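**Student:** prediction below, plus the sequence it came from.
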Amino acid sequence: MAPYRIVLADDHVLVRQGIKRIIQEDVNLAVTGEAGDGLELLDLLKNGVPDLVILDISMPKLRGLEATKRIKENHPGVKVLILTMHKDKEFFRKAMSNGADGYLLKEDADVALHAAIRTIRTGGTFVSPLLTS
């Protein structure tokens with residue numbers, strides 16, 4: 001079976017590297033691209049479409065919420081997981097209304113990232129446990 005292809009988008013290189021390390025713990029997952037801002041992400045998607053994009057809300061040039069909307073308009077089959085520090089329910093509602101398939105808080109990511117990816121990969125919607133409590 002081919003690995004599940006994931007693109008990471010976050011303006012902090014250290015965050016991307018950490019996420020990538022967690023993802024690489026599962027041999028069925030592969031990080032196939034990285035972007036430092038929303039416009040770079042959209043350009044990257046012109047060269048090949050992944051199965052999942054994991055992106056931050058707070059990015060320069062094009063914020064994650066707008067990037068999510070554009071991804072869903074141009075590549076409706078691509079799943080989107082928002083990975084953010086924003087606990088504000090308004091950010092959550094906007095992300096979901098723009099088409100996000102999941103919303104994970106960065107403080108949950110070390111323990112919940114694989115669960116979020118699994119849930120989204122199998123057609124479900126994932127919401128960070130810290131947001132629902």
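**Tutor:** Looks like it came in fine.
**Student:** ranking helices and strands of this protein by mean pLDDT, which lands last?
**Tutor:** helix 129-132 (a mean of 78; mean pLDDT, DSSP states H and E).
**Student:** packing partners for it?
**Tutor:** strand 102-105 (3 or more C-beta pairs under 8 Å, 6 or more residues apart in numbering; DSSP states H and E). For every residue, glycine as well, the C-beta is placed using N, CA and C.
**Student:** what sits up against the top helix by length along the chain?
**Tutor:** What stands out as the longest helix in the chain, according to DSSP state H, is helix 109-121. With C-beta atoms under 8 Å, 6 or more residues apart in numbering as the test, helix 109-121 has contacts from 4, 6, 19, 22-23, 25-26, 29, 51-52, 79, 81, 83, 101-102, 104, 125-126, 128-129.
**Student:** return the set of buried residues in it.
**Tutor:** 109, 112-113, 116-117, 119-121 (16 or more other C-beta atoms under 10 Å).
**Student:** picking up where we left off before, of the contacts of helix 109-121, which belong to strands?
**Tutor:** 4, 6, 29, 52, 79, 81, 83, 102, 104, 126 (DSSP state E).
**Student:** tell me the contacts of the residue most central in space within the chain?
**Tutor:** The geometric centre of the chain, computed from its C-alpha atoms, lies nearest to residue 54 (C-alpha atoms, centre = their mean), at 1.6 Å. Counting by C-beta under 8 Å, 6+ apart, residue 54 touches 6-9, 19, 81, 83.
**Student:** where does it land in three-state SS?
**Tutor:** strand (DSSP: H, G, I helix; E, B strand; the rest coil).
**Student:** give me the beta-bridge partners of the nearest residue in space to it that is not next to it in sequence?
**Tutor:** In space, not counting the residues next to it along the chain, residue 54 is nearest to residue 81; the distance is 4.7 Å by C-beta to C-beta, 6 or more residues apart in numbering. Per DSSP bridges, the residues bridged to residue 81 are residue 54, residue 102.
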